[in-house]
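Visitor: Structure, please.
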Amino acid sequence: LSQDSDASLISMNIDVDTILPSPSDHSACRVKMAMKGIRAAAKRTMSKSAEIAGCLHGQAPYTPTVPGDPLNGVSVHYLAHEFVHLAEELGFSRDSSIHEIEPLLVRRNSSRELDPRDGRRGSAFIDTLSGADKVGRANVMLSYTWSYTLGEVVDSLTEYCSSRSLNPRKTYVWICFLCINQHRVQEAVDAGETVPFEQFAEEFSHRVRSIGHILALIGSWREPKYVTRAWCIYELYVAIAEGCRLEIIMPSVQSQDFLKALHGDEKDCEEMWHSIQSANVEKAEASIASDKENILRLVEQGPGVATLNQTVRRKLQLWFCDVAESAARRLQQERNFCSWTAQEMGKVSFKIGKLLVDFFELSRLEKIAEDWIAVLRNKGCTSSCLYGWFVCQRSYARLWLGGQVCKEDLEEAYSLAIKHKERHLEMKVLFIWGVHLASKGQVKEGIRKLEQAALITDIICEWKEVSLVSWLGLLHSMHRKCGIETQKMDEVKRVLTKSGALRSPCNA
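Guide: Numbering: from 1, shown residues only. Next up, the predicted model:
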């Protein structure tokens, strides 16, 4: 007890007279009752402390469940332990898909339970559960596809709790295959009945708003199935449109593989980037053809297909940037690394910077470049080609942010490009230099730099990079400004439009 015992006990809702009997009454019964009261109060206090700790990590306090509440969710702890065990007892494994597990586990184990909503036999699986460790009011909703494996779902949710210091026993997930009565769904399918799509969409939107926190499970980052499913794309958009908290998760093994890929060949990352960039609700699939038709109709009545697609793509791609940037910063905080390690780690951050350019996230790009310029200077790596690239990235960011582009920086990066015979770096520096000069009113000098860059581009890549085509468009705009005839602007527009690059603020 604290020094002020009476006040402490009163704050715990215990009568002090019960704890401190009168001198004439020392019965064992009275002392036993007092200790029982202390233990009960301490238990309540500890429970409240755990609840407060959960709230500090963004976790809502436990709300007692009402049977049949459409917003009930299953705990991550139950999924990761008892549910996996149930699946394994029936011969399934962590590699079994939700499609495979649902009829033989979910419906089978809930077939005798009375549904608290309609009183009929056959309930949602979640209605078979009881106890705060298993079921509670959902504080997150999972957006996923039934083609994911049990292991992917469980590992992603477990990693989500672990990385955010959340209690898996108190993290309740609304997940459709467990929280919707699959018996009624199957009965409707067998009878050829369908729920009016407008009603379904309204119920879904209400659920998203009520829970307010969506977890989008991306699965494999190399080939994200998520972006190939019409419902997943639609769910992601609704979460964004409703202003809900939205987080993207994947299994820890996928996170580690993604970070390894950042250290290696760019090809894998580029393939993933293009997979997400091709996300298109019009080309996505749905198990029921009418669902896709209805989704498209609803989208056209609302934001339109182009807006939905671009919103979803941007969210997913920026999330990958966030993951990579966070990992790079953790590495950067390690002070005990040699110059070789510094350059290897710097290459990861450089790749992140290239991704950020696509979204015109130039403040972040400038910060990353400045951080790594400082690191490489500290490690004596200022003569490296990588150092030149970071100087180039910082100059690029400052150019478009309207900041001060330093001529000495451009000269330094250019000399490193010549020294290392790095034509790509030479070309990029000349482009930045040319635009910088033109913005200062030195248009003819700027054109000369841009023409030098264009000549190098013709030699090394034949304008295959969209970003370079946009630079070419800028050069021809400047030609026109100076009264120089040019025929290439139509070609520039055609390439940019076909690639979809005009959606980039910079290219537009």
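Visitor: Please make it C-alpha for all contacts and neighbour counts, starting now.
Guide: OK.
Visitor: which parts of the one helix or strand residue 199 maps to are buried?
Guide: Element membership for residue 199, per DSSP states H and E: helix 197-211. For helix 197-211, a neighbour-count test (16 or more other CA atoms under 10 Å) marks 201, 208, 209, 211 as buried.
Visitor: Same question for stretch 390-399.
Guide: For stretch 390-399, a neighbour-count test (16+ other CA under 10 Å) marks 390, 391, 392, 393, 394, 395, 396, 397, 398, 399 as buried.
Visitor: quick revisit: and for the helix holding residue 199, what are the contacting residues?
Guide: With contact meaning CA atoms under 8 Å, 6 or more residues apart in numbering, helix 197-211 is reached by 71, 138, 139, 140, 141, 214, 238, 239, 242, 244, 291, 294.
Visitor: hmm, try it at 6 Å
Guide: By CA atoms under 6 Å, 6 or more residues apart in numbering, the list of residues contacting helix 197-211 from outside reads residue 139.
Visitor: Distance from the chain centre to it, please.
Guide: Relative to the centre of its chain, helix 197-211 is centred 22 Å away, using CA atoms, centre = their mean, to the nearest Å.
Visitor: tell me the average confidence for that helix?
Guide: The average pLDDT for helix 197-211 rounds to 83.
Visitor: now swap in stretch 109-123 and tell me
Guide: 92.
Visitor: Kindly export that stretch (C-alpha atoms) in PDB.
Guide: C-alpha atoms of stretch 109-123 as PDB (Å, rounded to 0.1, in the frame of the first residue of the first chain):
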ATOM      1  CA  ASN A 109     -18.700 -26.800 -36.600                       C
ATOM      2  CA  SER A 110     -21.600 -24.300 -36.600                       C
ATOM      3  CA  SER A 111     -24.300 -26.500 -38.100                       C
ATOM      4  CA  ARG A 112     -26.000 -27.400 -34.800                       C
ATOM      5  CA  GLU A 113     -25.800 -24.000 -33.300                       C
ATOM      6  CA  LEU A 114     -29.000 -21.800 -33.200                       C
ATOM      7  CA  ASP A 115     -28.600 -18.500 -35.000                       C
ATOM      8  CA  PRO A 116     -29.300 -15.800 -32.400                       C
ATOM      9  CA  ARG A 117     -30.600 -13.600 -35.300                       C
ATOM     10  CA  ASP A 118     -33.300 -15.800 -36.700                       C
ATOM     11  CA  GLY A 119     -33.500 -18.700 -34.200                       C
ATOM     12  CA  ARG A 120     -32.900 -21.300 -36.900                       C
ATOM     13  CA  ARG A 121     -30.300 -24.100 -36.700                       C
ATOM     14  CA  GLY A 122     -27.000 -23.300 -38.400                       C
ATOM     15  CA  SER A 123     -25.200 -20.100 -37.300                       C
END
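Visitor: pLDDT value on the nearest residue to residue 279 once chain neighbours are set aside, please?
Guide: In space, and not counting its chain neighbours, residue 279 is closest to residue 227: 5.4 Å by CA to CA, 6 or more residues apart in numbering. Looking at residue 227, its pLDDT stands at 77.
Visitor: go on, residue 243?
Guide: 84.
Visitor: for residue 284, same thing?
Guide: 79.
Visitor: Contact partners for it?
Guide: Applying CA under 6 Å, 6+ apart, the residues contacting residue 284 are 228, 229, 230.
Visitor: Out of those residues, which is nearest to residue 445?
Guide: Lowest distance from residue 445 to these (CA to CA) belongs to residue 228, with 48.4 Å.
Visitor: Once you drop chain neighbours, what's closest to the closest one?
Guide: residue 284 (4.7 Å).
Visitor: Can you report phi and psi for that neighbour?
Guide: phi -70, psi 160 (degrees, to the nearest 10).
Visitor: mind checking how far it is from residue 230?
Guide: For residue 284, the distance to residue 230 equals 5 Å [CA to CA, to the nearest Å].
Visitor: distance between the helix or strand harbouring residue 84 and the chain's centre?
Guide: Here residue 84 sits within helix 84-89, counting by DSSP H and E. Chain-centre distance of helix 84-89: 29 Å, with CA atoms, centre = their mean.
Visitor: List the buried residues for that helix?
Guide: 84, 85, 86, 87.
Visitor: hang on, the earlier thing: next, format the buried residues of stretch 390-399 as a markdown table and append pLDDT, secondary structure and distance to residue 222.
Guide: Formatted as a markdown table, those follow (pLDDT from 0 to 100; DSSP: H, G, I helix; E, B strand; the rest coil; distance: CA to CA, whole Å):
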| residue | pLDDT | secondary structure | distance to residue 222 |
| --- | --- | --- | --- |
| 390 | 93 | helix | 27 |
| 391 | 94 | helix | 31 |
| 392 | 93 | helix | 29 |
| 393 | 92 | helix | 27 |
| 394 | 93 | helix | 30 |
| 395 | 93 | helix | 32 |
| 396 | 91 | helix | 29 |
| 397 | 91 | helix | 29 |
| 398 | 92 | helix | 33 |
| 399 | 88 | helix | 34 |
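Visitor: Let's have the residues you listed in TSV, adding distance to residue 125.
Guide: Shown next, in TSV, are the buried residues of stretch 390-399 (distance: CA to CA, whole Å):
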residue	distance to residue 125
390	54
391	57
392	57
393	53
394	55
395	57
396	55
397	53
398	56
399	57
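Visitor: from those, which is closest to residue 114?
Guide: Distances from residue 114 to those, taken by CA to CA, are shortest for residue 397, at 62.1 Å.
Visitor: give me the number of residues near the closest residue in space to that closest one that isn't next to it in sequence?
Guide: Among residues not flanking residue 397 along the chain, residue 362 sits closest, at 5.1 Å (CA to CA, 6+ apart). Residue 362 sits with 21 neighbouring residues when counted by other CA atoms under 10 Å.
Visitor: Next one, pLDDT for residue 362 please.
Guide: Confidence score, pLDDT, at residue 362: 86.
Visitor: Name the nearest of the buried residues of helix 84-89 relative to residue 347.
Guide: residue 84 (40.2 Å).
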